[in-house]
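Visitor: Sequence plus the predicted model coming up.
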Amino acid sequence: MKSNKRIIPKASFKLQNIIQRLKNESILYTEFLELLEKATDTMYENPELEFELLLSNGLPLEFDGDFVFLKTKNTLIEEQTFCIVDIETNGGSVKKGFQIIELGAVKYKNGQIIDKFESLVYAKEIPPYVQEVTKITPKMIEDAPRLENVLKEFKIFLEDDVFVAHDIKFDYTFISESFEKYNLGKLLNRKICSIDLAKRTIESERYGLSFLKELLNIEIENHHRAYYDALTTAIIFEKSLENIDSNKIKTVEDLIAFSKSDNVINSNQKKS
């Protein structure tokens, strides 16, 4: 007689499971390598090579004797470098053939902008509606560097800093998929969405970049240009940091967890 018992397949063990554990504790290096061998979404069979790949893809790992730990678990917010990023694209998805046409970023640490990255990117075409919004024309990018070169430079610039963007899902995913398209790995940097953080630290009806820019009297022009929007995001991010409870939120991982928490100021806010 056939059993009516439903068989539920076991969930596969992935890199994210290892990262989740690292948020709570250090892992002995030999055990860490064993876990990499178990993970089903690694690239290399050799765990030592996989470990090197994790580092090159921005996962902030460090050694303490024989143990591996996540740097952001112990790093204080004021000691962390945050890379605040914005992109302009000629469409919504890398998988549909669209690409970045401008990439801008600033590095922020303890109240200071300490570095910047800014580049237009060559593309065969820019749809009229994108030209209208961004004011980036085909003439402006005809002599711009190719995307692969810009991505290589940006990967070096980014290092293993915490990636911040105003709508992290779009920027982080688009850049990561662009990296993968050109065999540059993928993003594993720890990340924070400045919209999510703002919703927990700034009282506002909306949380779109232009609305917060006006609310906070941020006098930066050239909206919808990557570098200037990254700079605006940095100011919003700084304002959010000023409003957190520094007695409870001390480390970078504390901040990441808080940005995803239920502590939304206005649960009835309008869409951005």
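Guide: That came in fine, so what should we check first?

Visitor: So for the host helix or strand of F237, what gets flagged as buried?
Guide: Assessed by DSSP states H and E, F237 sits inside helix 226-243. Along helix 226-243, these residues count as buried under the neighbour rule (16 or more other C-beta atoms under 10 Å): 226-241. Every residue, glycine included, has its C-beta placed from N, CA and C.

Visitor: And for stretch 122-135?
Guide: Going by neighbour count (16+ other C-beta under 10 Å), the buried part of stretch 122-135 is 122-123, 126, 130-131, 134.

Visitor: could those be laid out in a markdown table, adding pLDDT?
Guide: Formatted as a markdown table, the buried residues of stretch 122-135 follow (pLDDT from 0 to 100):
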| residue | pLDDT |
| --- | --- |
| Y122 | 98 |
| A123 | 97 |
| I126 | 97 |
| V130 | 97 |
| Q131 | 97 |
| T134 | 96 |
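
Visitor: In helices, which of those residues appear?
Guide: With helices taken from DSSP state H, the overlap with these comprises 130-131, 134.

Visitor: what's the closest of those residues to D86?
Guide: Of all those, T134 has the smallest distance to D86: 11.2 Å, by C-beta to C-beta.

Visitor: Tell me who's in contact with the closest one.
Guide: When contacts are counted by C-beta atoms under 8 Å, 6 or more residues apart in numbering, T134 touches 88, 101-102, 126, 224-225.

Visitor: Kindly recompute the last result at 7 Å.
Guide: 88, 224-225 (C-beta atoms under 7 Å, 6 or more residues apart in numbering).

Visitor: re the thing from before, tell me the helices and strands packed up against the helix holding F237.
Guide: Based on contacts counted as 3 or more C-beta pairs under 7 Å, 6 or more residues apart in numbering; DSSP states H and E, the elements that helix 226-243 packs against are strand 82-89, strand 100-109, strand 112-120, strand 162-165, helix 194-199, helix 209-215.

Visitor: These: which one's closest to N263?
Guide: In this view, those are compared for proximity to N263 by C-beta to C-beta, and helix 194-199 is the closest at 8.8 Å.

Visitor: which other residues reach the closest one?
Guide: In this structure, residues lying in contact with helix 194-199 by C-beta under 7 Å, 6+ apart are 164-167, 207, 212, 233, 236-237, 240, 259-260, 264-265, 272.

Visitor: Okay, buried residues for that helix please.
Guide: By 16+ other C-beta under 10 Å, the buried positions in helix 194-199 come out as 194-199.

Visitor: Can you tell me which of those is closest to T75?
Guide: Within these, the smallest distance to T75 is 17.0 Å, found for L197 (C-beta to C-beta).

Visitor: separation between the closest one and I256?
Guide: Applying C-beta to C-beta, to the nearest Å, the value for L197 to I256 is 9 Å.

Visitor: Also I265?
Guide: The value you get for I265 to I256, if C-beta to C-beta is used, is 18 Å.
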